[in-house]
Each structure stands twice: as structure tokens, then as C-alpha cells.
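Student: Provide a 3D model corresponding to the input given below.
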Amino acid sequence: MPIINRVADLQPDIMAWRRDLHAHPEVMYDVHRTAAFVAERLRAFGCDEVVTGLGQTGVVGVIKGRKPSGKSGVIGLRADMDALPIEEETNLPYASKTPGKMHACGHDGHTAMLLGAAQYLAETRNFAGDAVVIFQPAEEGGAGAAAMIKDGLMDRFGIEQVYGMHNGPGIPVGSFALRPGAIMAAMDLITIEIEGVGGHAAYPHNTIDTVVVGAQLVTALQSIVSRSVNPLESAVLSICEFHAGNAHNVIPSSATLKGTVRSLKPQVRDLMEKRMNEVVAGVALQTGAKIRLDYDRGYPVVVNHPSETDMAVQIASEVAGAANVNTDMTPIMGAEDFAYMLEARPGAFIFVGNGPSAGLHHPAYNFNDDAIVFGTSYWVRLVETTLAA
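Tutor: Residues are numbered from 1 along each chain as shown. Below you'll find the model as predicted:
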């Protein structure tokens, strides 16, 4: 089945919602306007239940199917609502009206597409069971998915399986991409505090130079990926901040390094943390500096479940055609807190094509409205097929 005709009819409304959300971005858990926008429409659609304030500012709508028999159940569909602290550079008529904030990851599109699906499902109810639409805050670093789960998301609504979707720049519009197993990486944060002995730049022999120590660390840490991780496995270690000193002629007594570690398997994640601690201890012994590593484990790996991935492939193929569904996409080393939902319930995460747009988190990025009919049709057919009578 290709794009649903009624969804195509709804496209102008969904696009208008998306552009309104784009013009009014909100970040992390502070998505009060967006959450109110979502809840208002869910109530107007006639959802059987609308719950706000889950995971601080999350919104959940429940739509009950009208078919009394068959393999009824409860399916969860999730969209993220939050934007990013980025200054927009698109010059679009509906560009962000809030300085320093923009929808640079397409969550405006994700929210609008799921709203469109909720409207269609509430109108037709051509399924047996419950469709639970989940609108989540704080995906961008705040673990909003975990907060909603902690507030009882899965148990309160009896969710048995859960699905997520993200737009994919570079994937053609009208196409989908996914894979079973690990599809996005675990994301850990590292902070390294170096304490040395400062002094005059002309007398380095009287100091323990934290800049040199930090430079040694940056180089030594990179050898973990190249020499400790199996070349057939995936890992990333990036030092993204190096703060030390504030004068041309003073060797600083302290330095701070910050960065991130990405991995696709738990054993690789464990190895990275272990080897980082060993390298830090070794450089400290070599240089005489005191070095403390804080290794903060963040989002886990996004792992698609086999049977639910098969279902997602089937639905995407019906909507876009099998030739337009990449079922073996290369895993992405970016992170996504939908991982927590897939740890709590079986499900699958899929990418919908955004065309040749700027990349995610780029100030010139914009969600492609031509993708709306594909993403919304996918949601609708997923519910109607999974909860078929």
C-alpha cells in the first residue's frame, strides 16, 4: 500500500504544525509551549486519554481501536519534541523566533508527523487494541525517554512494543533505512582534570606543565581505538575541549580536557573505560601530574529487536516500495535516548529520508516537508497492521 490518501490530504495541516513548531523552538525539558500545542491537538482529535507532565513535560495520547476481536494489544509510537541551543542560519520565513535556539535535528517534523498519524487513527480507528502516541522532551542530552519510563510510561499504558523514527539527511525522500541489532551508538562523556605545577614560561624545568601533560594524554588516548579495540569493532574517542592557562608567559598549574566516547557493543564500552583509566594512570606516573578521569556513562546502544524490525521493514516497504528500503544501513555513531525505550520493550527505530539537506545539528538544517506523507503513512500502517483484527 503506498501513501495513504487521507494522509496526503492532511499534509498541509501537518506542514503548518511543523512550521509553527519550528518557529518556536524549546530545549531540553522546557518544552511547555510545544507540549501544550501537542496536548491541545490530541484532545481536539478525540483521543480517549491525554496525559501531560509525564517525565516532567512529556505528553501521551491513547487511541482505542474500534475492532473488538483479533490480536489486540498496545503499541507505542514515539516522537521527540525538543530543539537545540543553536543559532539558526536558514533565513526561512518560519525560522526560529527565539535567539540561540532552533530545531536543528528535525524534532519539529517528528512531532508533526506523529500528530498527523494520531489524527488519522482517531478518525478511523481501524485496528484492535490501543495506539499510544508518545511525545517526549529532552532527547538532546537530557534523557527524557528515561524520565518518562521512570514516571511509569510503559506500565501505566500497558505498552507491549514501541517504535521510533528519525529523519535522515542524505537518505532520499520517499526512502527508509534501518537494520536489526545495534543501529546507533552508546554515548559516554569524559572529563579529565590535570593538576601540575605552574610557573614562569622561561623556567619550565621548575614546573609540571599541564599543557604538555594534556597533549600527551590526547595523543595517548587515541591509541586505544587504534591499538586496543578489535579493528572489526567500532569505537570513537574524541577530545573536544582543552582548557589551560590565560597568559603567553605563564605555564598553567591546571588543565581540563572534555570529550566523548562512542561504542556499539557493551564489551567495547567496558574496554574503552578500562583502557582510558590505565592510560591516564600511566601518563600521571610518567609526568608526575595528578590526573583524575570522570567517565560518565550516558545513553546506551540503540538495539533494534529482530521481529519488530521485520515488521518495520514490511510496513516501510508497503509505503515506499521494497526497493526504497535499506534494510542493512551502516550503524551511526551518534546517540539517541530511544535506546532506553528499546531496553524496556521490544521495538525498532527507523530513519525516513530527508533528502540532500544540511546535516543534523547544523545551523542551516531544515526538516523536509516532502517527507511528511511517508513518515505519517508509516505510523498509520504500522498500527493498523500490528493491531489488525
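Student: any idea how the chain splits into domains?
Tutor: As assigned by automatic domain parsing, the chain contains the domains 5-183+301-386, 186-297.
Student: pLDDT on the shortest one, on average?
Tutor: Which is domain 186-297. When pLDDT is averaged along domain 186-297, the result is 97.
Student: residue boundaries of the strands in the stretch 101-250 of the chain?
Tutor: Counting by DSSP state E, counting those that start in this stretch, residue ranges of the strands within the stretch 101-250 of the chain are 129-136, 161-168, 176-177, 181-184, 186-195, 199-200, 235-244, 250-251.
Student: So for the fourth one, what gets flagged as buried?
Tutor: Using 16 or more other Cβ atoms under 10 Å as the test for burial, strand 181-184 gives Ala182, Ile183, Met184. Bear in mind the C-beta positions are built from the backbone N, C-alpha and C, glycine included.
Student: tell me the most buried of the domains of the chain?
Tutor: Each of the domains of the chain was scored by mean neighbour count; the highest is domain 5-183+301-386, a mean of 20, by mean count of other Cβ atoms under 10 Å.
Student: Look at that domain and report the distance between its end residues.
Tutor: The stretch domain 5-183+301-386 measures 20 Å between its terminal residues, going by Cα to Cα, to the nearest Å.
Student: and the lengthiest helix in the chain, what does it pack onto?
Tutor: As far as residue count goes, and with DSSP state H defining each element, the longest helix of the chain is helix 266-287. When contacts are defined as 3 or more Cβ pairs under 8 Å, 6 or more residues apart in numbering; DSSP states H and E, helix 266-287 packs onto strand 186-195, helix 210-227, strand 235-244, strand 254-263, strand 290-297.
Student: at 6 Å what do you get?
Tutor: Taking 3 or more Cβ pairs under 6 Å, 6 or more residues apart in numbering; DSSP states H and E as contact, the helices and strands that helix 266-287 lies on are helix 210-227, strand 290-297.
Student: Which of those sits closest to Arg43?
Tutor: Closest approach to Arg43 among those is made by strand 290-297 (38.6 Å; Cβ to Cβ).
Student: for the closest one, packing partners?
Tutor: When contacts are defined as 3+ Cβ pairs under 6 Å, 6+ apart, strand 290-297 sits against strand 186-195, helix 266-287.
Student: for the helices and strands packed on helix 266-287, which one sits closest to Ala143?
Tutor: Nearest of the helices and strands packed on helix 266-287 to Ala143, taken as Cβ to Cβ: strand 290-297 at 11.3 Å.
Student: what is the orientation angle of that closest one with helix 266-287?
Tutor: An angle of 170 degrees separates the directions of strand 290-297 and helix 266-287 when computed by axes from the mean of the first three to the mean of the last three Cα atoms, to 10 degrees.
Student: With distance to Ala122 as extra columns, can I get the helices and strands packed on strand 290-297 in JSON lines?
Tutor: Below are the helices and strands packed on strand 290-297 laid out as JSON lines (distance: least, Cβ to Cβ, whole Å):
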{"stretch": "strand 186-195", "distance to Ala122": "35"}
{"stretch": "helix 266-287", "distance to Ala122": "40"}
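Student: Quick one: closest of the ones you listed to Ser317.
Tutor: Across the helices and strands packed on strand 290-297, the minimum distance to Ser317, taken as Cβ to Cβ, is reached by strand 186-195, at 29.4 Å.
Student: Parallel or antiparallel, list what pairs with the closest one.
Tutor: Based on DSSP bridges, the strands next to strand 186-195 in the sheet, each with its direction, are strand 254-263 (antiparallel), strand 290-297 (antiparallel).
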